[in-house]
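> Got a sequence here, can you model it:
(2 chains)
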Amino acid sequence: MPPIRTYHDLTDADRSGLPEQIGAQRKRVAERLAGVGRVIAVMSGKGGVGKSYVTAHLARALARSGRAVGVLDADLNGPTIPRLLEIPRAPLTAHRAHIEPLTGLDGVRCISMAMLLEDGAPLAFKGPSAESFVWRGAMEASALRELLGDVAWGGLDALLLDLPPGMQRYVELCDILGAPPAVLTVTIPTPESRDAVRRAMRAAVDRGSRLLGIIENMTGQGFEGTAGDDLAGEFGVPVLARIPWHPTPDIWNALGARL
Amino acid sequence: MKFLCVDCDKQMAFEERQLPGDGTLAATFKCPTCGRVVAMLTNPMETQLVSSLGVEIGGRTVPEQPFETVRKMVATGRDDAFAENTGPNGAPSWSAEAQERMSRVPNFVRGMVKRIYADYAKERGIAEITPAVMDTARAELGLEGM
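All right, here's what the predicted structure looks like:
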């Protein structure tokens, strides 16, 4: 048998056009975000450090300063942003080509998987249960793409993305956006948090993200350590805020003013 | 994924897609030179992997709907998650039988499916959507499972 030509050797028009369909998806996201000034991923390699809490209050502070702000709750499996923004339960208005976001405290626009799921239900997908690990990640990435690209965000000064712990959602986000987003990292003071957040920051740097700075949360009592300063020194970025257990609005306003 | 007719050294062309409803998929490809047809059969896991990318083997026949993957694939979605804004006037009417059939579509996707049928009818000047119109649309648009 003669050598068989490779995939790239076959260049006839393909009716399925799967690469073109993927390209159209990315174009849709790019067009939708064309009116967004800055896309900022709020992330941490550590769970339980208060990313969602920080994201919601930072968004509100930015909105109070007169900026148009949206929050995409990218924690598909543990969405909490609608509650933090006190968004009333209401159906999402679906139009022919887009979905309208809902609006929360201080006029922050928001989309979240919490708006779509039954009360108390986990995010579960239809499909074969055996070896679901093969496709579940791709399914969540598609959902994230739709939350980004199918929502009529309108003109925004900033779109904050509240990422879940770990790095997977950040990597998906980079692929969907076609360019790495700016990154805000959240840590608590402890060395354990520092070590986990360091890995996340390193991954963000490796992907080409601009690190905007560090927010040290839950400071003042209970947790001991210097994670914020340690990471700031290592990565050459500022500690933008130290958030105590019971922060006042002026702390959030000061953080917003630094961004 | 592409298919090559080794005898003719020609790229085979997509012919038809079938979704029998058991989670599997069949897609046929034909050699433009010798006419040989082969079928690609995927198991449920492979079919799901393609679905999870939000793409359609054989190409899209209707524009992608907003939140299409979420609406089609999330099993735990709220019935009242969406309020459909069906847009401009002049929408076709629905026969009682068609409405009854639509009532069997899960709420989470009903609005999206209804809009696809309505667009299909409107584009073709069909004044009333009946089960026959829905069957024709399903076949023409590749709406298996909707």
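
> give the contact list for A:E118.
B:76-78 (Cβ atoms under 8 Å, 6 or more residues apart in numbering or on different chains). Yep, even glycine has a C-beta here, placed from its N, CA and C like the rest.

> Of those residues, which is the most crowded?
B:G77 (24 neighbours; other Cβ atoms under 10 Å in any protein chain shown).

> mind checking which helix or strand the residue nearest to it when sequence neighbours are not counted is in?
Nearest in space to B:G77, with sequence neighbours left out and distances taken as Cβ to Cβ, 6 or more residues apart in numbering or on different chains, is B:F108 at 3.9 Å. Secondary structure assignment for B:F108, by DSSP states H and E: helix B:107-123.

> After that helix, which helix or strand is next?
The helix or strand immediately downstream of helix B:107-123 is strand B:128-129, counting by DSSP H and E.

> ok, which stretches of the stretch 151-259 of chain A are helices?
A:168-177, A:191-207, A:227-235, A:249-257 (DSSP state H, counting those that start in this stretch).

> Out of those, which gets nearest to chain B?
Evaluated with Cβ to the nearest Cβ, these place helix A:168-177 nearest to chain B, the distance being 11.2 Å.

> if we look at the closest one, which residues are touching it?
A:26, A:29, A:33, A:39, A:41, A:43, A:74-76, A:137, A:140-141, A:144-145, A:148-149, A:161, A:163, A:180-181, A:183, A:200, A:203-204, A:207, A:209.

> Only the buried subset of the residues you listed, as a PyMOL command please.
Only the buried entries of the contacts of helix A:168-177 go into this PyMOL selection, using 16 or more other Cβ atoms under 10 Å in any protein chain shown:
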select buried, chain A and resi 29+33+39+41+43+74+75+76+140+141+144+145+148+149+161+163+180+181+183+200+203+204+207+209
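
> Assign residue 63 to helix, strand or coil.
Unless you meant another one, I'm taking chain A. Under DSSP: H, G, I helix; E, B strand; the rest coil, A:A63 falls in the helix class.

> if I read this right, A:A196 contacts A:G45, doesn't it?
Yes: counting by Cβ atoms under 8 Å, A:A196 does reach A:G45; the two are 4.0 Å apart.

> The helices of the stretch 151-259 of chain A: which one's closest to B:C5?
Across those, B:C5 has its closest neighbour in helix A:168-177 (34.0 Å, Cβ to Cβ).

> Next, the angle from the closest one to helix A:191-207.
20 degrees (axes from the mean of the first three to the mean of the last three Cα atoms, to 10 degrees).

> which of the residues in helix A:168-177 are buried?
A:169-174, A:176-177.

> Break chain B down into its domains, please.
Using automatic domain parsing, the domains assigned to chain B come out as B:1-59, B:60-146.

> Now do the longest one: distance to the chain's middle.
For domain B:60-146, the gap between its own C-alpha mean and the chain's C-alpha mean amounts to 11 Å (Cα atoms, centre = their mean, to the nearest Å).

> One more: the shortest one?
Relative to the centre of its chain, domain B:1-59 is centred 16 Å away, using Cα atoms, centre = their mean.

> who are the neighbours in contact with residue 44?
In the absence of a named chain, chain A is used. A:51, A:163, A:165, A:185-187, A:193, A:196-197, A:200.

> meant chain B actually
Counting by Cβ under 8 Å, 6+ apart, B:P44 makes contact with A:127-128, B:22-24.

> Select only the buried ones of those in ChimeraX?
A single ChimeraX command selects the buried members of the contacts of B:P44 (16+ other Cβ under 10 Å):
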select /A:127 /B:23
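
> Give me the secondary structure label for the residue nearest to the spatial centre of chain B.
The residue lying closest to the centre of chain B (Cα atoms, centre = their mean) is B:L143, at 2.5 Å. Secondary structure, three-state DSSP: B:L143 is coil.

> in terms of contact, does it touch B:A137 like I think?
Yes: if you go by Cβ under 8 Å, B:L143 and B:A137 touch, sitting 6.6 Å apart.

> Mutual contacts of these two, please.
Counting by Cβ under 8 Å, 6+ apart, the contacts common to B:L143 and B:A137 are B:I116.

> hang on, the earlier thing: could you identify the most distant pair in the contacts of A:S44?
The most widely separated members of the contacts of A:S44, counting by Cβ to Cβ, are A:L163 and A:S193 (15.6 Å).

> Count the residues that sit near B:A26.
Neighbour number of B:A26 under other Cβ under 10 Å is 15.

> who does the helix or strand containing it touch, helix- and strand-wise?
Assigned by DSSP H and E, B:A26 belongs to strand B:25-30. With contacts taken as 3 or more Cβ pairs under 8 Å, 6 or more residues apart in numbering or on different chains; DSSP states H and E, strand B:25-30 sits against strand B:13-18, strand B:37-42, helix B:44-52.

> Contact partners for the residue lying farthest from the centre of chain A?
The centre of chain A is farthest from one residue, A:M1, which by Cα atoms, centre = their mean lies 51.3 Å away. Neighbouring residues of A:M1 by Cβ under 8 Å, 6+ apart: B:V6.

> repeat that for 7 Å
Contacts here follow Cβ atoms under 7 Å, 6 or more residues apart in numbering or on different chains; on that basis A:M1 touches nothing.

> Tell me the pLDDT of it.
Note for A:M1: predicted pLDDT of 76.

> ok, now the one 3 residues further on?
Reading off the confidence values, A:I4 has pLDDT 90.

> Quick one: residues contacting the most centrally placed residue in chain A.
Residue closest to the average C-alpha location in chain A (Cα atoms, centre = their mean): A:L161, at 2.9 Å. Residues in contact with A:L161 (Cβ under 7 Å, 6+ apart) are A:39-42, A:72, A:74, A:173, A:181.

> which one of these is nearest B:C34?
A:L173 (46.5 Å).

> what about the closest one, distance to B:D119?
32 Å (Cβ to Cβ, to the nearest Å).

> same thing with A:A34?
Taken as Cβ to Cβ, the span from A:A34 to B:D119 is 26 Å.
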